[in-house]
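Engineer: Compute the structure for the input listed below.
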Amino acid sequence: MNKKLIAALFAGAFAFASVSAMADDKTPAQPVDQAKLKAERDAAKAKWAGMSAEEKAATRKAMQSKRVSELNALELSAGQESDLMAPTPAETAKLKSEREAAKAKYDKMTPEEKASMKKAAQGKKVSDLTLVEKISVGQ
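Structural biologist: Here you go, the predicted structure:
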């Protein structure tokens, strides 16, 4: 029985060692021409320095829209819907007014009311935790 156990342990250790050796691929990286990269970077900095404020703003806006479009394309290819869409000006105004109303209501509360509200919010947060999360936070 002990010989079988030892043989199984050696086989497992051998399998683990061979898998970790294959995963630890230390192939050298492709050589990079540092001078060329530095020259490209310096040229880009010089071009940026020569731009007017309006050109810089337009460039930033174009880069941001490109990032968002690439992110949306990636999300769409993964089958997810984008939740990063900017709200319309009407939605922004509505959200801002709701936030200001809630802030005004909170500012009018007494310290006791604020404490009870925080306690209720914490209780709701704890009740929404899953079993694993409750165990991890000691609940």
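
Engineer: List the buried residues for the helix or strand harbouring S97?
Structural biologist: Using DSSP states H and E, the element containing S97 is helix 89-108. Buried residues in helix 89-108, counting neighbours by 16 or more other C-beta atoms under 10 Å, are absent. Backbone N, C-alpha and C define where each C-beta goes, glycine included.

Engineer: Output it as CSV, restricted to C-alpha atoms.
Structural biologist: Extracted as CSV, the C-alpha positions of helix 89-108 are listed here (Å, rounded to 0.1, in the frame of the first residue of the first chain):
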residue,chain,number,x,y,z
PRO,A,89,-27.9,66.1,-21.7
ALA,A,90,-31.5,65.6,-20.5
GLU,A,91,-30.5,62.5,-18.5
THR,A,92,-27.5,64.4,-17.1
ALA,A,93,-29.6,67.3,-16.0
LYS,A,94,-32.2,64.9,-14.4
LEU,A,95,-29.4,62.9,-12.5
LYS,A,96,-27.8,66.1,-11.4
SER,A,97,-31.1,67.5,-10.0
GLU,A,98,-31.8,64.2,-8.2
ARG,A,99,-28.3,64.3,-6.7
GLU,A,100,-28.8,67.9,-5.5
ALA,A,101,-32.2,67.1,-4.0
ALA,A,102,-30.8,64.1,-2.1
LYS,A,103,-27.8,66.1,-0.9
ALA,A,104,-30.1,68.9,0.3
LYS,A,105,-32.3,66.3,2.1
TYR,A,106,-29.2,64.7,3.8
ASP,A,107,-27.9,68.2,4.8
LYS,A,108,-31.3,68.9,6.6
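
Engineer: Just the mean pLDDT for the helix or strand that it is followed by, thanks.
Structural biologist: Later in the chain than helix 89-108, the nearest helix or strand by DSSP H and E is helix 111-127. With pLDDT averaged residue by residue, helix 111-127 scores 88.

Engineer: do stretch 36-52 as well
Structural biologist: Averaging pLDDT along stretch 36-52 yields 90.

Engineer: Contacts made by that stretch with the rest, please.
Structural biologist: Stretch 36-52 has contacts (C-beta atoms under 8 Å, 6 or more residues apart in numbering) with 56, 59.

Engineer: again with stretch 102-116
Structural biologist: With C-beta under 8 Å, 6+ apart as the criterion, stretch 102-116 contacts M117.
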